[in-house]
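> could you work out the structure for the sequence below:
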Amino acid sequence: MKKIALSILVSTFLLFIIITMFNALSLETRQPVSEPFNSTIAENHAIDTLSKAIQFKTISYQDRNKMDLEEFDRFISFLEQSYPLIHEQLELEKVNGYALVYKWKGTNVNKLPIGLTSHYDVVPVLQGTEGKWEHGPFSGTIADGKIWGRGTLDDKVGVIGILEAVDHLLSQGYQPERDFYFMFGHDEEIGGDEGAAKIVSTLESRGIQFDFVLDEGGAIVENMVPGVDQPVGVVGISEKGSVTSELSIEGSGGHSSQPKDQTNIGRIARAIAKLEETQFPADLKGPGEDLFEFVAPEMSFGMKYVFANKFIFEPVIEKILLRQPASAALIRTTIAPTIFQAGEQYNALPEKASAIINLRLMPGDSLKEVKDYIEKTIDDQDIKVTLNGSEASGVSSVDSWHFQTIQQSAKNIYDDAVIAPYLMFAGSDAKHYDSIAVNTYRFLPVQLTSQDLKRMHGTNEHISIDNYLKAIGFYMEVIKESDQH
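Numbers count the residues shown, from 1 in each chain. I've put the predicted structure just below:
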């Protein structure tokens with residue numbers, strides 16, 4: 001009897017090994033074959049134009065009254081002077097005064113248009129950090145094979161990169177089949193409500209519907225995915241919702257020499273501690289799952305084996321992903337306490353205490369569900385919970401020709417990169433375009449290191465000239481590849 005049981009056990013184990021090994025060995029790549037990029041870019045003009053574009057202080061502030069709109073006007077005039085061919089052959093509309101919409105009319109009215117969008121506003125330089133810049137934040141200095149200044153990564157590189165691509169194609173006599181719209185917002189850094197949102201409402205009123213819209217977002221990042229030696233280019237197919245939640249409590253204060261066992265500060269602190277200890281449930285699904293389906297075939301065998309058999313190893317995978325903040329954010333709604341307010345006097349108990357929590361919502365998590373979860377977790381009926389913000393954007397297709405066009409275009413420029421979908425954590429103007437596009441994607445076609453990511457919105461923002469020129473090439477490829485569908 002023991003021999004029979006052992007035989008069954010061995011046979012089961014061998015069958016397990018055979019099936020799981022087969023799953024790993026049968027994984028097929030989801031990467032297209034790269035096609036050589038042969039166009040010659042007018043490098044000197046491209047470099048000089050981005051350098052000059054950086055010198056305009058088109059800064060967005062939360063207090064819109066601080067925005068120097070004359071500088072925005074000067075930037076728009078600069079574009080007109082720098083790209084006379086574009087302004088002769090394309091239609092330009094200024095929406096709400098400062099948001100720009102260029103229309104390149106195609107020859108086939110039966111095809112839906114494509115939209116490429118970026119923004120030309122930038123974040124302020126943090127006061128007191130100006131002296132830490134190797135070159136001035138608005139100098140546009142060209143040095144050591146790099147262009148320096150605010151906007152070189154976020155996101156004047158997108159605006160100028162697109163315009164350089166269009167200018168080059170126009171100079172070559174290229175005529176697209178479908179209409180192309182190039183849409184540049186002026187307030188993305190503070191939500192895009194007066195820029196991209198107004199562009200969308202204007203186009204929507206005219207019945208304009210896009211096959212797809214491509215905005216900034218993910219990039220080609222080195223050392224991003226464990227088990228993958230190549231850089232991974234991540235194309236955002238959705239972006240997490242951003243919600244501000246306030247926890248507040250009011251009650252009697254009194255002298256600090258006679259405190260209650262539970263003070264207002266203590267109760268809010270306990271509520272935050274419970275939320276951090278509990279966290280939202282993790283689940284490898286949606287865009288996070290799509291990412292690993294695209295990169296798994298390119299992994300080392302051990303990692304490939306695990307991801308090819310996700311139905312068995314999913315709990316292990318999720319546990320590994322939860323170890324790092326960046327990968328944890330792929331699989332759960334995140335909680336980040338950012339502001340705590342209570343008290344004015346060291347020896348007086350505050351009558352009110354409150355905390356602000358920023359949450360980034362996974363696709364599918366509703367505001368109601370999130371509020372219910374917070375209230376259930378903190379389990380304190382005296383604490384008031386309010387939420388304000390937006391849910392995650394829709395999730396765009398990874399199987400459509402739209403995604404494949406972006407993937408192919410990126411592969412043509414960065415042939416050694418693995419191009420895959422992912423979930424974008426930050427916000428972008430792309431969310432505004434969901435209502436007028438079949439699919440909406442988020443991708444900045446530059447290769448970045450972990451240090452580059454810190455420079456975005458930070459000190460010493462810059463881009464290598466090679467990276468910038470490749471971005472121009474990518475936008476040219478997207479236009480040409482889109483015309484083949």
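
> contacts for stretch 69-80?
By C-beta atoms under 8 Å, 6 or more residues apart in numbering, the residues outside stretch 69-80 that reach it are 52-53, 56-59, 87, 94, 97-98, 100, 120-121, 163, 186. Every C-beta, even on glycine, is put in place using the N, C-alpha and C of the backbone.

> of these, just the buried ones, PyMOL syntax please.
With 16 or more other C-beta atoms under 10 Å as the criterion, this PyMOL line picks the buried residues out of the contacts of stretch 69-80:
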select buried, resi 53+56+57+58+59+98+100+120+121+163+186
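
> pick out the most distant pair among the contacts of stretch 69-80.
The widest separation within these, taken as C-beta to C-beta, falls between 59 and 87 and amounts to 25.1 Å.

> if we can go back for a sec, what about the contacts of stretch 69-80, which are in helices?
52, 53, 87, 163 (DSSP state H).

> any chance you could map the helices in the stretch 1-150 of the chain?
Listed in chain order, the helices of the stretch 1-150 of the chain (DSSP state H, counting those that start in this stretch) span 2-25, 43-54, 69-82, 84-89.

> any idea of the mean pLDDT for stretch 468-482?
Here stretch 468-482 scores 97 as its mean pLDDT.

> distance between that stretch and the chain's centre?
Relative to the chain's own centre, stretch 468-482 is displaced by 19 Å; criterion: C-alpha atoms, centre = their mean, to the nearest Å.

> what's the answer for stretch 365-381, then?
Relative to the chain's own centre, stretch 365-381 is displaced by 27 Å; criterion: C-alpha atoms, centre = their mean.

> need the CA coordinates for that stretch. PDB is fine.
What follows is the C-alpha trace of stretch 365-381 in PDB, where atoms were taken according to Å, rounded to 0.1, in the frame of the first residue of the first chain:
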ATOM      1  CA  ASP A 365     -11.900  50.500  -7.100                       C
ATOM      2  CA  SER A 366     -14.700  52.900  -6.700                       C
ATOM      3  CA  LEU A 367     -14.800  55.900  -4.400                       C
ATOM      4  CA  LYS A 368     -17.600  54.300  -2.400                       C
ATOM      5  CA  GLU A 369     -15.700  51.100  -1.900                       C
ATOM      6  CA  VAL A 370     -12.600  53.000  -0.800                       C
ATOM      7  CA  LYS A 371     -14.500  55.000   1.700                       C
ATOM      8  CA  ASP A 372     -16.300  51.900   3.100                       C
ATOM      9  CA  TYR A 373     -12.900  50.200   3.400                       C
ATOM     10  CA  ILE A 374     -11.400  53.100   5.300                       C
ATOM     11  CA  GLU A 375     -14.300  53.400   7.700                       C
ATOM     12  CA  LYS A 376     -14.300  49.700   8.400                       C
ATOM     13  CA  THR A 377     -10.600  49.500   9.000                       C
ATOM     14  CA  ILE A 378     -10.300  52.500  11.400                       C
ATOM     15  CA  ASP A 379     -13.400  51.300  13.200                       C
ATOM     16  CA  ASP A 380     -14.100  54.700  15.000                       C
ATOM     17  CA  GLN A 381     -17.500  56.200  14.500                       C
END
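
> residues in contact with residue 411?
By C-beta under 8 Å, 6+ apart, the residues touching residue 411 are 31, 32, 33, 34, 35, 417, 419.

> OK, contacts around residue 41?
Residue 41 makes contact with 164, 168, 469, 472, 473 under the criterion C-beta under 8 Å, 6+ apart.

> please parse the chain into its domains.
Partitioning the chain according to automatic domain parsing yields domains covering residues 43-218+394-482, 239-389.

> winner for burial among these?
Of the domains of the chain, the one with the most neighbours on average (mean count of other C-beta atoms under 10 Å) is domain 43-218+394-482, at a mean of 20.
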